[in-house]
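Visitor: How does the following fold in three dimensions:
(2 chains)
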Amino acid sequence: MTARLAPMFEACGAQQRAALIGYLPAGYPTVDDSRSLLYAMLDGGCDLVEVGVPYSDPVLDGPTIQAAADAALRGGVRLRDVLSVVESIAGAGGRAVVMTYWNPVHHYGVDAFARDLAAAGGLGVITPDLIPDEAQDWLAAARAHDLDRIFLVAPSSTDQRLAMTASVTRGFLYASSVMGVTGARDVVSGTASELVGRAREHAPGLPVGVGLGVRNGAQAAEVAAFADAVIVGSAFVTAAADGGPPAVRALAADLATGVRRPAPQPA
Amino acid sequence: MVCIQPVAPTTAQPDARGYFGHYGGRFVPEALIAALDELTTAYTDARSDPKFTARLNGLLADYAGRPSPITEAPSLSEHAGGARIVLKREDLNHTGSHKINNVLGQALLTERMGKPRVIAETGAGQHGVATATACALLGLQCVVYMGEVDTQRQALNVARMRLLGAEVVPVTTGSRTLKDAINEALRDWVTNVDTTHYVLGTVAGPHPFPVMVRDFHRVIGLEAREQMLARYGRLPDAVTACIGGGSNAIGIFHPFLDDPAVRLVGFEAAGDGVDTGRHAAALSAGAPGMLHGALSYLLQDSDGQTVEAHSISAGLDYPGVGPEHSWLKDTGRAEYRPITDAQAMDAFQLLSRTEGIIPAIESAHAVAGALQLGAELGAGALLLVNLSGRGDKDVDTAVKWFDLLEGQP
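Guide: Take a look at the predicted model:
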């Protein structure tokens, strides 16, 4: 079946630009506020939002997202709240996927989660600590409920693992720009374009999104020159903390300009 | 798929993906997979390399002081229903606990992989001290992550690590204990994996850590089995050990797995009591889930969020447990029981006064368990207790618990 995110990438492709994807954890600072922030993100120009599931042990996240997840958990956010946030976004015509560490889904029940996410209008799941080798039950559930499965690759991924991961990915392949945890960086590493190039060799036609470290329009333009999607997380969390929905909307607008800025095309 | 199909029991080895029955695996970011594969290969090669084995055995003997002796504790037996209690003296190893066995192995592997930098987590500080020691010996850079709560309650070990040249990083996130120290170490590893080996200190984590760390600690049980046969002419009726992540327990249990008459009993930290919710008894009161890269029993809430553990013992204050223990529990080959802070501290004092051995508070859980088990089995029973560490580091905690500065209890 066609990827749920295929129409988005086709539309962006027709405009000869990269897609802009923004992340925020559900329930931060409250469940209702997180809805407003995600709406602002879409309003400002994000093509897709990643609704994060706050988790007690986020080993791939730096201090910014850790602190937001902690605050959301202290506020009592539950997995069902995450689903309700997705439902609100989908109901308002926005596109949403969920980004989650695996134990909350495992505990909820993998098939039940896929069913409920699909029913809420979610389009797929990004799984930072689930590799395809461990994902048979998730792949089966995703097929059954027609959800995209977005796996991560890293600069350390071997060609063999890139090919294997790409072969089970649907929607887009999530390329970590650097070796490290999430967090805004001043310079987006050169390893990112090399990784995207390797991914394209193994999976021609599969969109590749680049995340980890992007925080402004200039960096977005840089990444948009070689990737199909620019993914921004920590910078949105910081904007949400500092200035609420207006700041998030403004950042999204800046980034949206970035992904549309003429930039050298990849070879 | 991990929890669904039945799997035949195995007493020895995980499958190729690191599963002991339903438990284990690799639930980690893709960024770490290349390093885990590299480690698996390096470990597999090293195991069959006589030079590596000779070097490790040489260090275990001449540097760490192995074999560690067994000591019968006749006065303690009077408090254990007359059952004879024999202590396996891992407390007498260099650095004061069993942790050195694994650390020397992994430090040699680090050298073999050509990595100049080592990171480690530590709870009580015993693994951190052992790692700092091995790094000093082999000239490796060493960074140890330790929960801020633990840096306070195990201040002596923080000083020891710094004396040995290690950098100790207090971790201020989450519960500020062992769980969060592992999170921080994993974040460091994802960032610096090219130059850095993560010397994980227990039989948890992603494959190959549970099997590799176990193998480095099997020497405990291999020695003890021979020592028991030589001295008593028979195997013990039961082997006991404390369980946090479970490294000392698996080390002493494993060589007895195929001796069905030998009961294997692990004692978890029950903190204030399992029914209070303030405990660290993952096997007694948890449910299967993923933490730190493996599927295993875990203290978690109804949403799959990890629940904070509580124990007076920093080394057992962990909401998870190694996957092989989960499998041994499910198959019934080993039993796991809770021991409260109060029971452990009573045993801590009893062993100190009856035998002149101050145990680590972690190990005092195994002693308390042996007292229970002895009372059940009665005179004539022969119990082997893994005394995994010594208690110097716990003197501050004991002073507070027993109010020693105010007078004799």
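Visitor: Quick check, the residue in the stretch 301-409 of chain B closest to chain A?
Guide: residue B:304 (3.0 Å; C-beta to the nearest C-beta). For glycine as for every other residue, the C-beta is placed from the backbone atoms N, C-alpha and C.
Visitor: Could you report the neighbour count for that residue?
Guide: 23 (other C-beta atoms under 10 Å in any protein chain shown).
Visitor: Provide the secondary structure category for the closest residue in space to residue B:202 that isn't next to it in sequence.
Guide: Of all residues not flanking residue B:202 in the chain, residue B:245 sits nearest, at 2.8 Å (C-beta to C-beta, 6 or more residues apart in numbering or on different chains). Per DSSP: H, G, I helix; E, B strand; the rest coil, the local secondary structure of residue B:245 is coil.
Visitor: what mean pLDDT does the longest helix seen in chain B have?
Guide: In chain B, taking DSSP state H as the definition, the longest helix is helix B:209-232. The predicted model assigns helix B:209-232 a mean pLDDT of 98.
Visitor: do the same with stretch B:167-178
Guide: In the prediction, stretch B:167-178 has an average pLDDT of 92.
Visitor: which SS class is residue 185?
Guide: All of this is about chain A. Per three-state DSSP, residue A:185 ends up coil.
Visitor: my question was about chain B
Guide: helix.
Visitor: picking up where we left off before, report whether the longest helix of chain B contacts chain A.
Guide: No - judged by C-beta under 8 Å from any C-beta of the partner chain, helix B:209-232 and chain A are separated, with a smallest distance of 14.4 Å.
Visitor: just checking, what packs against that helix?
Guide: helix B:33-47, strand B:70-72, strand B:84-89, helix B:99-112, helix B:247-253, helix B:323-331, strand B:382-387 (3 or more C-beta pairs under 8 Å, 6 or more residues apart in numbering or on different chains; DSSP states H and E).
Visitor: Isn't residue B:301 up against residue B:308?
Guide: No - using C-beta atoms under 8 Å, residue B:301 is not in contact with residue B:308, being 10.3 Å away.
Visitor: Between these two, tell me which one has more neighbours.
Guide: Taking neighbours as other C-beta under 10 Å, residue B:301 and residue B:308 compare with residue B:308 leading, 18 against 13.
Visitor: Surely the more buried one is within a strand?
Guide: No - applying three-state DSSP, one finds residue B:308 to be coil, outside a strand.
Visitor: quick one on the thing from earlier: you'd agree the residue of the stretch 301-409 of chain B closest to chain A is up against residue A:106?
Guide: Yes - using C-beta under 8 Å, residue B:304 makes contact with residue A:106 at a distance of 6.4 Å.
Visitor: who touches both of these two?
Guide: residue B:289 (C-beta atoms under 8 Å, 6 or more residues apart in numbering or on different chains).
Visitor: In terms of helices and strands, where is the residue of the stretch 101-250 of chain A found nearest chain B?
Guide: Here the stretch 101-250 of chain A gets closest to chain B at one residue, residue A:107, 3.0 Å apart by C-beta to the nearest C-beta. For residue A:107, the enclosing helix or strand under DSSP states H and E is helix A:102-108.
Visitor: Can you pull out the residues in contact with that helix?
Guide: Counting by C-beta under 8 Å, 6+ apart, residues outside helix A:102-108 touching it are A:53, A:55, A:79, A:113, A:125, A:127, A:129-130, A:134, A:138, B:27, B:287, B:289-291, B:295, B:298, B:300, B:302-306.
Visitor: Among the residues you listed, name the buried ones.
Guide: A:53, A:55, A:79, A:113, A:125, A:127, A:129-130, A:134, A:138, B:27, B:289-291, B:295, B:298, B:300, B:303-306 (16 or more other C-beta atoms under 10 Å in any protein chain shown).
Visitor: Please point out which parts of the longest helix anywhere in chain A sit buried.
Guide: Longest helix in chain A by number of residues (criterion: DSSP H): helix A:234-260. Across helix A:234-260, burial judged by 16+ other C-beta under 10 Å covers A:234-241, A:245, A:247-249, A:251-256, A:258-260.
Visitor: same thing with stretch A:84-91?
Guide: Quick answer for stretch A:84-91 (16+ other C-beta under 10 Å): A:85, A:86, A:87, A:88, A:89, A:90.
Visitor: Would you mind listing what in the stretch 101-250 of chain A touches chain B?
Guide: So far as C-beta under 8 Å from any C-beta goes, the stretch 101-250 of chain A lies against chain B at A:102-108, A:128-131, A:133-134, A:136-137, A:151-158, A:161, A:165, A:176, A:179-181.
Visitor: Now, those residues that are in helices?
Guide: Those of those lying in helices (DSSP H): A:102, A:103, A:104, A:105, A:106, A:107, A:108, A:136, A:137, A:161, A:165.
Visitor: got the CA positions of stretch B:180-199 in PDB?
Guide: The C-alpha coordinates for stretch B:180-199 follow below in PDB (Å, rounded to 0.1, in the frame of the first residue of the first chain):
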ATOM      1  CA  ASP B 180      19.500   7.700  35.600                       C
ATOM      2  CA  ALA B 181      23.200   7.100  35.700                       C
ATOM      3  CA  ILE B 182      22.700   4.400  33.000                       C
ATOM      4  CA  ASN B 183      20.600   6.800  30.900                       C
ATOM      5  CA  GLU B 184      23.400   9.400  31.000                       C
ATOM      6  CA  ALA B 185      26.000   6.800  30.200                       C
ATOM      7  CA  LEU B 186      23.900   5.700  27.200                       C
ATOM      8  CA  ARG B 187      23.600   9.300  26.000                       C
ATOM      9  CA  ASP B 188      27.400   9.700  26.300                       C
ATOM     10  CA  TRP B 189      27.900   6.500  24.400                       C
ATOM     11  CA  VAL B 190      25.600   7.500  21.500                       C
ATOM     12  CA  THR B 191      27.600  10.600  21.200                       C
ATOM     13  CA  ASN B 192      31.200   9.200  21.600                       C
ATOM     14  CA  VAL B 193      30.800   5.700  20.400                       C
ATOM     15  CA  ASP B 194      33.800   5.800  18.000                       C
ATOM     16  CA  THR B 195      36.300   6.400  20.800                       C
ATOM     17  CA  THR B 196      34.500   5.000  23.800                       C
ATOM     18  CA  HIS B 197      33.500   1.600  25.200                       C
ATOM     19  CA  TYR B 198      30.700   1.500  27.700                       C
ATOM     20  CA  VAL B 199      31.700  -0.800  30.500                       C
END
